[in-house]
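A.B. asks: fold the following.
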Amino acid sequence: MPDLRRLRQFIAIGEAGSVTAAATELHVSQQALSSSMQQLEKELNASLFRRQGRRLTLTSAGELLLAEGRTLLAAAHTVAERVEHTARGAAEVFVVGHTPALSGSEAYARIEPAIAAFPDTSFTFRQLYPDQLISAVLDGSVHLGLRRGIVPTNELATAIVGYDRVRLAVPREHRLAGRPTVDIHELTGERIALWAPPGASYYSDFLMGACRRAGFEPDYVVSRVQGAATVAAPLTTDAVAFVTSAPGPAMGGRVMVTDLEPPLLVGAQAMWQRHTNSPVRDQVLAHV
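C.D. replies: So this is what the prediction gives:
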């Protein structure tokens, strides 16, 4: 097993690209840092660095250790923090992060079994953009992340916690308002509200892909109001929006939500730190 202090030093070198820069960052001498890395290579029986002139690069084993080492250090930090909190009798706070594509009520519904099962635990919900959510789960400031879509990742452990039906939200005066169902082909030529541009969000890519499979290239606008309920988007964009809200009137009757045909389902994915244990998280996953 690698020494965590040496692992932290190795990651600093890998991210900085040189022993000199890492030594300055860590406030240690270059000689001490080089000696520490030699010891780490002996511990792992692997060559981690390759020198090309003055340039330092990682071997394939070094690249693997850099990727896995970040996860391992994050898990060690989380474990140490939980032990400290338990030792001083601090109340446990379980932080749930969710992207704007999941409303606060939808996130709550996924976590509700754990809220009921752990009455002495406090729960905090935070809305974060996808890249912020991944970083927060990796550094342990968010204990469970929820996002739309099914995105493979090697950095985090994941599970699908359910699927929701995608519906259409339109302004009350829109030509499609009041319809019991709307065929996705009828959205040809309509502007569609998104919360992130395609390429920056799996959910946006998923929705754009559904339009293309229906045979048309979607026009879109990114909502200038972020963090609000997705069903409010038609009010500020004058566009239609894909939502997972219940059918019927919304936003005081100013928006109408209707079923979309053919049915379109989008997954909700949970993410958490690898190498960590959590009874609260286990309770959430047990009810999937």
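A.B. asks: residue 88: neighbour count?
C.D. replies: 7 (other C-beta atoms under 10 Å). Any C-beta I mention is one placed from the backbone N, CA and C, and that applies to glycine too.
A.B. asks: so what's it up against?
C.D. replies: Contacts for residue 88 (C-beta atoms under 8 Å, 6 or more residues apart in numbering) come out as none.
A.B. asks: quick one: it from residue 143, how far?
C.D. replies: In this view, residue 88 and residue 143 are 19 Å apart by C-beta to C-beta, to the nearest Å.
A.B. asks: same deal with residue 73?
C.D. replies: Per C-beta to C-beta, residue 73 is found 17 Å from residue 143.
A.B. asks: show me which of those two is the more surrounded one.
C.D. replies: Between residue 73 and residue 143, counting by other C-beta under 10 Å, residue 143 is the more crowded of the two (23 against 16).
A.B. asks: surely that one meets residue 278?
C.D. replies: Yes: Residue 143 lies in contact with residue 278 (C-beta atoms under 8 Å); the separation is 6.5 Å.
A.B. asks: which residues are in contact with each of those two?
C.D. replies: Here residue 143 and residue 278 have 94, 272 as joint contacts, going by C-beta under 8 Å, 6+ apart.
A.B. asks: what about the strands in the stretch 51-200 of the chain?
C.D. replies: Ranges of strands in the stretch 51-200 of the chain, per DSSP state E, counting those that start in this stretch, are 55-58, 93-98, 122-127, 144-148, 156-165, 167-171, 181-183, 191-194.
A.B. asks: return the most buried member of those strands.
C.D. replies: By mean neighbour count, with neighbours taken as mean count of other C-beta atoms under 10 Å, strand 144-148 ranks first of these at a mean of 26.
A.B. asks: tell me the strands beside that strand, with direction?
C.D. replies: strand 93-98 (parallel), strand 265-273 (antiparallel) (DSSP bridges).
A.B. asks: nearest to residue 51, of the ones you listed?
C.D. replies: Set against residue 51 and scored by C-beta to C-beta, these come closest in strand 265-273, at 33.6 Å.
A.B. asks: any idea how far residue 30 is from residue 5?
C.D. replies: Relative to residue 5, and taking C-beta to C-beta, residue 30 is found at 17 Å.
A.B. asks: thinking again about what came up before, can you put the strands of the stretch 51-200 of the chain in a markdown table and add mean pLDDT?
C.D. replies: Below are the strands of the stretch 51-200 of the chain laid out as a markdown table (pLDDT from 0 to 100):
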| stretch | mean pLDDT |
| --- | --- |
| strand 55-58 | 84 |
| strand 93-98 | 93 |
| strand 122-127 | 94 |
| strand 144-148 | 94 |
| strand 156-165 | 92 |
| strand 167-171 | 97 |
| strand 181-183 | 96 |
| strand 191-194 | 95 |
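A.B. asks: okay, those strands in CSV with distance to residue 19 next?
C.D. replies: Shown next, in CSV, are the strands of the stretch 51-200 of the chain (distance: least, C-beta to C-beta, whole Å):
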stretch, distance to residue 19
strand 55-58, 7
strand 93-98, 36
strand 122-127, 38
strand 144-148, 35
strand 156-165, 30
strand 167-171, 55
strand 181-183, 61
strand 191-194, 45
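A.B. asks: which among the ones you listed is found nearest to residue 108?
C.D. replies: Of all those, strand 122-127 sits nearest to residue 108, with 7.0 Å by C-beta to C-beta.
A.B. asks: how about low-confidence regions in the chain?
C.D. replies: For the chain, applying pLDDT under 70 flags the ranges 53-54, 85, 90.
A.B. asks: beta partners for residue 148?
C.D. replies: Under the criterion DSSP bridges, residue 148 forms beta bridges with residue 268.
A.B. asks: these two touch, right, it and residue 205?
C.D. replies: No: counting by C-beta under 8 Å, residue 148 stays clear of residue 205, with 10.6 Å between them.
A.B. asks: sorry, back to before: kindly reformat the strands paired with strand 144-148 as a markdown table containing distance to residue 113.
C.D. replies: Shown next, in a markdown table, are the strands paired with strand 144-148 (distance: least, C-beta to C-beta, whole Å):
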| stretch | distance to residue 113 |
| --- | --- |
| strand 93-98 | 13 |
| strand 265-273 | 13 |
